[in-house]
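J.: I'll drop the sequence and a predicted model, then ask my questions.
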Amino acid sequence: MLLSVRDLSAILRVPEGTVYRWIRDGGLPAREVRGHYRAHPVDLLEWLADHPVPVDPGALPTDDQNGSLPSLEAAIRAGGVYHELAGTSRQDALTVLATRLPKITGLPADDLRLLLLRRESVGSAYLQEGIAVPNPRHPLIHTTIPPMLAVAFPAEPIVWNGSGCTVRVVFALLTPTARDHLRLLGRLIFALHDPAFKAALAARAPAEQVLAAARDLEHVTAAARPAAAGLEAARR
């Protein structure tokens with residue numbers, strides 16, 4: 001589904017005039033289709049990863065109004081929170097992370113390591129505060145597992161790519177479907193614009209504190225759904 005300027009205005013919670021300005025001057029990815037701007041949801045997620053816009057979680061095109069997707073808290077609980085991730089390079093850190101993630105039936109740790117390295121070789125989406133976020137275009141799919149979102153804190157900031165960008169928080173996402181990848185990534189990007197969740201990451205907080213911050217955000221997401229549903233009904 002391509003997003004109109006009206007859709008983007010609702011998601012980003014800004015006037016349509018601001019959306020046009022961001023398209024023109026801020027790199028908001030959209031193209032003209034028969035005289036009207038349209039944006040792809042994946043392109044929007046990539047843009048949001050690098051722009052601190054207070055999105056409406058219930059209006060995100062990746063979210064599920066029926067609430068069938070496991071919560072962000074549940075995905076982090078399944079994936080785990082890891083501190084003092086050893087290594088001085090991206091390859092080292094991902095190798096260590098592969099050994100610390102929960103065991104996955106039918107997927108040996110060495111195979112998981114190769115998957116993580118190959119996925120990262122195509123690039124992550126980055127946040128300005130040194131947070132490596134999975135790329136929307138390159139999901140890691142394993143059909144026999146529930147959605148797993150790992151949060152890892154390297155022992156020292158790591159130079160993550162050739163541009164010299166350093167990373168202090170790494171997210172790794174494994175899901176049973178590509179759709180689940182996008183939906184959970186949408187929720188993660190919303191969470192990464194929340195001051196309390198970002199503060200927990202900045203403090204390298206214990207696992208239960210990170211989980212509590214994610215749990216608190218579920219109430220915000222749930223509260224936003226009725227408004228999003230009303231907006232969708234008004235469009236029909």
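T.: Sure, I can see it.

J.: make it CA atoms for all contacts and neighbour counts henceforth
T.: OK.

J.: For the chain, just list every one of the strands.
T.: Using DSSP state E, the strands found in the chain span residues 31-33, 36-38, 81-85, 125-127, 131-133, 140-141, 148-154, 158-159, 166-167, 169-175.

J.: Pull the residues that contact the third one.
T.: Yep, that's strand 81-85 we're talking about. Strand 81-85 is contacted from outside by 93, 96-97, 100, 150-156, 204, 206-207, using Cα atoms under 8 Å, 6 or more residues apart in numbering.

J.: Give me the ChimeraX select line for those residues, limited to the buried ones.
T.: The buried subset of those, as determined by 16 or more other Cα atoms under 10 Å, is captured in ChimeraX by this line:
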select :93,97,100,150,151,152,153,154,156,204,207
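
J.: would you turn the contacts of strand 81-85 into TSV with pLDDT and distance to Arg119?
T.: Formatted as TSV, the contacts of strand 81-85 follow (pLDDT from 0 to 100; distance: Cα to Cα, whole Å):
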residue	pLDDT	distance to Arg119
Ala93	92	14
Val96	95	16
Leu97	95	14
Arg100	94	18
Ala150	97	15
Val151	98	16
Ala152	97	16
Phe153	97	19
Pro154	96	19
Ala155	96	22
Glu156	94	22
Arg204	97	25
Pro206	97	27
Ala207	97	25
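
J.: which one of the contacts of strand 81-85 is nearest Arg21?
T.: Val151 (34.6 Å; Cα to Cα).

J.: quick one: that closest one and Gly79 touch, right?
T.: Yes. Assessed by Cα atoms under 8 Å, Val151 is found in contact with Gly79 at 7.5 Å.

J.: Quick one: closest of the strands of the chain to Glu16.
T.: Glu16 sits nearest to strand 36-38 of all the strands of the chain, at 11.3 Å, using Cα to Cα.

J.: The spatially most central residue of the chain and Asp111, how far apart?
T.: For the chain, Leu185 is the residue whose C-alpha lies nearest the centre (Cα atoms, centre = their mean; 3.2 Å). Computed with Cα to Cα, to the nearest Å, the distance linking Leu185 and Asp111 is 23 Å.

J.: For the residue nearest to the centre of the chain, list the residues it contacts.
T.: Each residue near Leu185 by Cα under 8 Å, 6+ apart is listed here: 45, 134, 136.

J.: Export those to CSV and append columns for neighbour count and pLDDT.
T.: Conversion of these to CSV gives the following (neighbours: other Cα atoms under 10 Å; pLDDT from 0 to 100):
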residue, neighbour count, pLDDT
Leu45, 24, 83
Pro134, 27, 86
Pro136, 21, 85
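
J.: just the helices in the protein please.
T.: 5-12, 16-25, 41-49, 72-79, 90-100, 109-121, 178-191, 195-202, 207-235 (DSSP state H).
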